[in-house]
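A.B. asks: Requesting a structural model of the entry that follows:
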Amino acid sequence: MKQLITTAVILLFGSAFSQTTAELNIDGISSQLISKILPGDLISYYGNYGTNGMFQHKNLKAKLNNVDDYRTSTFSKSVDLKVDENGQYDLHEILTVEGGSRLDLSKDVEIIVYIETIYGNRIWSKVTRDSSTITDPIILDQYTAKEGKDYPAEKELIVEFSAKPVNQTLRDGIIDNGDDYKKRKREDFHFMLKNKGDQNWKIDVWGPFGSVSSGLGMKAILKNPEKLDLSKTIVMRAEAKTLKGKLVWSEVELEPRSVSRPIKAVNYDGIEDQNETPNITETETNSTSDETTDTPPAENKTEAENTLPKEETASSPTQPIYSGATDLTTQTLNASCNDTSAAYTTVMLNGSKVCIHNGTPSGGKGFYNGKLEMDCNFKIAGTVFPIKGGSSIKYHLTSKYLSNGYLRDDVTYTTKQGTFTFKKDSRISFHPSGVLEGILTENTTVTCQGEELNVRASQKGIPDISFDKLSRIKKISIASNVSWLALQKINLPTGSTLYFRNGKLNSVQLSETSTIKVEEKEYYIKAIKGKSSIFLTDGSVVKSFTVTGESQIVIEDQKIAIKPGSEIRLKASDIGYTIERFYVDSPITIKVYKGKKIKTVEVKAGKKIVIKEGKVVKAG
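C.D. replies: Modelled structure (predicted):
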């Protein structure tokens, strides 16, 4: 077994600004850890990729922050590591990091060094160093689903595919064919894997659940990787359906450790006598971000098809017959009632004339419920929403907008915080200027206050996301753990519900217990079903939280038990949090300061204590 080489960190002082750099010698993986790595889970490496190898897979990373400052600086490099016959890795690398405005290497520093695996796990180590110990070894000794977190390692293969063809000529050919490869849904993506030489695919799945799709590409999570022999060459075919139902696809051979390499489509099945496919084994870039959709060539239409019928009186023998929407993308302008009886009413909603059957007042001034007589496409905030005819809707008669209805197809909706696909046959709600809430087809990545969050699609038939009147996210549940920075990093577990006000995190309903550090003491935050237990100011400072478990506070050498399940109010400063208000668990006698006067007060269980500058100023 290989011996672990001592890690050294050399500080180099230089530049006109006396900025420091450090060379981290990362040496080895703990031999005790090797046996804990899941079978088949290899350190991921695919080296240079993209056109002419213009991109590099940087799989070794280090995140550094000063102990008194949670702003993180990240550094990375590409490391070509292969497992040997004994299951060991010969890891000995130098990673150069630089100090700057966010990182002072002369102060105490927290360092997390980690390397990625093909299952999406991390092999890592976390250390704290000062100027006298910064030369001590760093050996990777942890294996979890995420660096710095004690989450069990996952047994899932991570692969990536972009429906955007690598060749410009092929992209142009798709558009010229009246087709489109953009805005694909999760279920449009297809992944097939086998070992080289196998006749049948060992993994074959359309639209794998839990995967992240941007509409142009997918980072897929594939279950049951043990079906493959991850010591032998992998053959992967990845496909995506186009607008016309054709396929853009690529089939590649990969080393098992390179299976996570991003690949792009190099073939298209929609053009007959297609030119020879470019011989491309590497892809351009890991492009899974959406693009502006090019409009396919319009079909020829007669003048009559493009002209709205003129409205005439009910007694006219030439009264037009209205039929509602005939596609999914064209705004319905006139779907007036054909039946002129009292039960049917034509109303204007979001610029569309539509027919309502049995419209009756609903809760709230101006709101009505009724049945939408025909399929109609409503244009709201620049997006066309195909709403199902024959289904119930809610609308505001005075303000003339659709309040809710049922979708005939999946709909993609974009705001400044992300792109969302709402689910076919689900109910979607609106306010006058955009979407109010809806049900997502899949987990979706969004950006809130600079943090990337994975929104959970619950598949429970209840709204997964809601927005305010400025189309800012108002409420979501998260599909993966989040370390939210609020003076310190606070873990928000998977399944927690986040509430935003004016675009900033306002409160959190935890799915399980979390922690917060106050005056060097760790307190447990209670998870309350149906209620928030963390409240914040501007999303950056914790204002209060609900405590659980046995907790104490020391005031003037007096230990006082805090009532479990009660609220603790905090005060924030440059050095962190202090307790401003809490509730006692049992009767106490305590000194209370009012100006220059001091009096002794008996406080009953469950009563409030208010603290200012370390002294009790109110009790009872």
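A.B. asks: pLDDT weak spots in the stretch 151-300 of the chain?
C.D. replies: Across the stretch 151-300 of the chain, residues meeting the criterion (pLDDT under 70) sit at 210-213, 270-300.
A.B. asks: typo on my end, it should be the stretch 1-150 of the chain
C.D. replies: Within the stretch 1-150 of the chain, the stretches with pLDDT under 70 are 1-19, 50-54, 131, 134-135.
A.B. asks: Next: the stretch 301-450 of the chain.
C.D. replies: Judged by pLDDT under 70, the stretches of the stretch 301-450 of the chain that qualify are 301-320.
A.B. asks: how about the strands in it?
C.D. replies: Along the stretch 301-450 of the chain, counting by DSSP state E, counting those that start in this stretch, strands occupy 334-335, 344-349, 352-361, 367-372, 376-380, 383-387, 392-396, 401-406, 411-415, 418-422, 427-431, 434-438, 444-448.
A.B. asks: Any chance of the ones you listed in TSV with mean neighbour count as columns?
C.D. replies: Heads up, the C-betas are built off the backbone N, CA and C, glycines and all. Below are the strands of the stretch 301-450 of the chain laid out as TSV (neighbours: other Cβ atoms under 10 Å):
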stretch	mean neighbour count
strand 334-335	20
strand 344-349	18
strand 352-361	18
strand 367-372	19
strand 376-380	22
strand 383-387	21
strand 392-396	21
strand 401-406	20
strand 411-415	18
strand 418-422	21
strand 427-431	21
strand 434-438	21
strand 444-448	19
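A.B. asks: Which one, of those strands, ends up nearest to His57?
C.D. replies: strand 444-448 (20.7 Å; Cβ to Cβ).
A.B. asks: In a markdown table: the strands of the stretch 301-450 of the chain, plus distance to Leu33.
C.D. replies: Listed next are the strands of the stretch 301-450 of the chain as a markdown table, based on distance: least, Cβ to Cβ, whole Å:
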| stretch | distance to Leu33 |
| --- | --- |
| strand 334-335 | 65 |
| strand 344-349 | 61 |
| strand 352-361 | 62 |
| strand 367-372 | 60 |
| strand 376-380 | 53 |
| strand 383-387 | 49 |
| strand 392-396 | 57 |
| strand 401-406 | 52 |
| strand 411-415 | 43 |
| strand 418-422 | 37 |
| strand 427-431 | 48 |
| strand 434-438 | 44 |
| strand 444-448 | 30 |
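A.B. asks: and of those strands, who's closest to Val159?
C.D. replies: With Cβ to Cβ as the criterion, Val159 lies closest to strand 444-448 of the strands of the stretch 301-450 of the chain, at 17.2 Å.
A.B. asks: Pairing partners for the closest one, with directions?
C.D. replies: According to DSSP bridges, strand 444-448 has the following sheet partners: strand 451-455 (antiparallel).
A.B. asks: How far away from the center of its chain is the partner strand?
C.D. replies: Averaging C-alpha positions (Cα atoms, centre = their mean, to the nearest Å) puts strand 451-455 3 Å from its chain's average.
A.B. asks: try stretch 115-135
C.D. replies: In terms of Cα atoms, centre = their mean, the centre of stretch 115-135 is set 24 Å apart from its chain centre.
A.B. asks: residues contacting Ser76?
C.D. replies: By Cβ atoms under 8 Å, 6 or more residues apart in numbering, the contact set of Ser76 is 58-62, 95.
A.B. asks: What of Lys612?
C.D. replies: By Cβ under 8 Å, 6+ apart, the contact set of Lys612 is Glu580.
A.B. asks: Return the distance of the most centrally placed residue in the chain relative to Val67.
C.D. replies: Among the residues of the chain, the one closest to the centroid is Asn454, at 1.9 Å (Cα atoms, centre = their mean). Taking Cβ to Cβ, to the nearest Å as the measure, Asn454 falls 28 Å from Val67.
A.B. asks: cool, and Thr74?
C.D. replies: Distance, Thr74 to Val67, using Cβ to Cβ: 17 Å.
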